[in-house]
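J.: Got a sequence here, can you model it:
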Amino acid sequence: MIKSVILDADGCIINWKLVNASIHFQVTGHRPSIDLRNKILGKNPYDAWTIIRDHYKLEESVESLLKRRNEIINKLYPKMDLYPGVSKLLDFLKDRSIPYAITSSVSDADTRLKLSGYPNIINNAKAITCADKSMPRKPDPSIYHKCLNETSFKSSQTLIIEDSVSGIVAAAKAGCKTLFVCNPTYITADQMFEKFNTKPDFKCETLKDIDYVSIFNE
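T.: Predicted coordinates:
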């Protein structure tokens with residue numbers, strides 16, 4: 001039975017994709033294609049913007065691109081909306097006294113900035129675990145091992161909610177149950193799961209579509 005939950009902040013709590021598309025255009029002058037979005041999904045900011053710079057053959061350094069990006073982020077992130085169904089999930093967890101934690105591939109400061117419009121989400125989280133520069137990236141499970149250690153959650157009783165294939169693979173390697181929030185535009189997801197010989201335990205397009213009672217009673 002599932003007794004704890006870990007949520008990926010970057011793609012499952014805050015609706016950053018619309019905001020990031022706007023930031024992408026303001027910094028590069030281009031609208032991100034679905035193919036490019038899939039290439040940078042789950043990447044840390046430096047790696048993602050290295051891919052973006054190379055994709056558009058920009059002469060500007062990654063550091064300069066990130067600086068301009070961060071200036072826009074500081075204005076927009078505190079105003080971001082929650083993803084559909086997040087409030088429903090958090091209410092369900094609260095009603096059942098099920099603890100949750102938050103993970104992110106970006107810095108603690110960036111993660112808290114993204115969530116700053118929702119102080120209750122920050123305050124009620126058992127932990128907010130962020131990757132540091134030395135930590136291997138997903139699909140390596142290090143970020144989840146770290147979170148499990150910080151919270152004392154048991155992996156076999158923990159559901160990890162992710163929106164990327166690499167995140168689901170990392171969660172499975174950590175020994176946890178997995179829920180894949182799959183954007184319909186993520187057309188290569190099934191092929192990538194086959195490549196990693198992994199598939200999510202549960203799958204949905206948005207968190208509002210889930211029958212949580214059936215999942216948590218398994």
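J.: domain assignment for the chain?
T.: Per the record, the chain has its domains at 4-15+80-217, 17-78, by the TED database.
J.: Is it possible to get JSON lines of these that adds mean pLDDT?
T.: Formatted as JSON lines, the domains of the chain follow (pLDDT from 0 to 100):
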{"stretch": "domain 4-15+80-217", "mean pLDDT": "93"}
{"stretch": "domain 17-78", "mean pLDDT": "91"}
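J.: Would you mind finding the most buried of these?
T.: domain 4-15+80-217 (a mean of 18; mean count of other Cβ atoms under 10 Å). Quick note: C-beta positions are derived from backbone N, CA and C, even for glycine.
J.: That one: how far from the chain's middle?
T.: How far domain 4-15+80-217 lies from its chain's middle: 6 Å, per Cα atoms, centre = their mean, to the nearest Å.
J.: Distance of the nearest residue to Arg31 once chain neighbours are set aside relative to Ile52?
T.: Excluding the flanking residues, the one nearest Arg31 by Cβ to Cβ, 6 or more residues apart in numbering is Phe25, at 5.8 Å. Distance, Phe25 to Ile52, using Cβ to Cβ, to the nearest Å: 12 Å.
J.: can you check Ile143 too?
T.: 23 Å.
J.: Tell me where the protein has helices.
T.: In the chain, the helices defined using DSSP state H lie at 9-12, 16-28, 34-40, 45-56, 62-76, 86-95, 108-114, 119-124, 142-151, 165-173, 189-196, 212-216.
J.: Name the surrounding residues that touch the longest one.
T.: The list of residues contacting helix 62-76 from outside it, by Cβ atoms under 8 Å, 6 or more residues apart in numbering, reads 19, 22-23, 26-28, 45-46, 49-50, 52-53, 58, 110, 113.
J.: thinking again about what came up before, doesn't Leu18 make contact with the residue nearest to Arg31?
T.: No. Between Phe25 and Leu18 there is no contact under Cβ atoms under 8 Å: 11.3 Å.
J.: hmm, what's the outermost residue in the protein?
T.: The outermost residue of the chain, judged against the average C-alpha position, is Glu59 (29.4 Å), by Cα atoms, centre = their mean.
J.: ok, it to Leu65 distance?
T.: For Glu59, the distance to Leu65 equals 11 Å [Cβ to Cβ].
J.: cool, and Gln26?
T.: 11 Å.
J.: same check, this time on Lys114
T.: Distance from Lys114 to Leu65, counting by Cβ to Cβ: 19 Å.
J.: Kindly report the same for Ile210.
T.: For Ile210, the distance to Leu65 - Cβ to Cβ - is 37 Å.
J.: one step back: list residues touching both of Phe25 and Ile52?
T.: With Cβ under 8 Å, 6+ apart, Phe25 and Ile52 have common neighbours Pro32.
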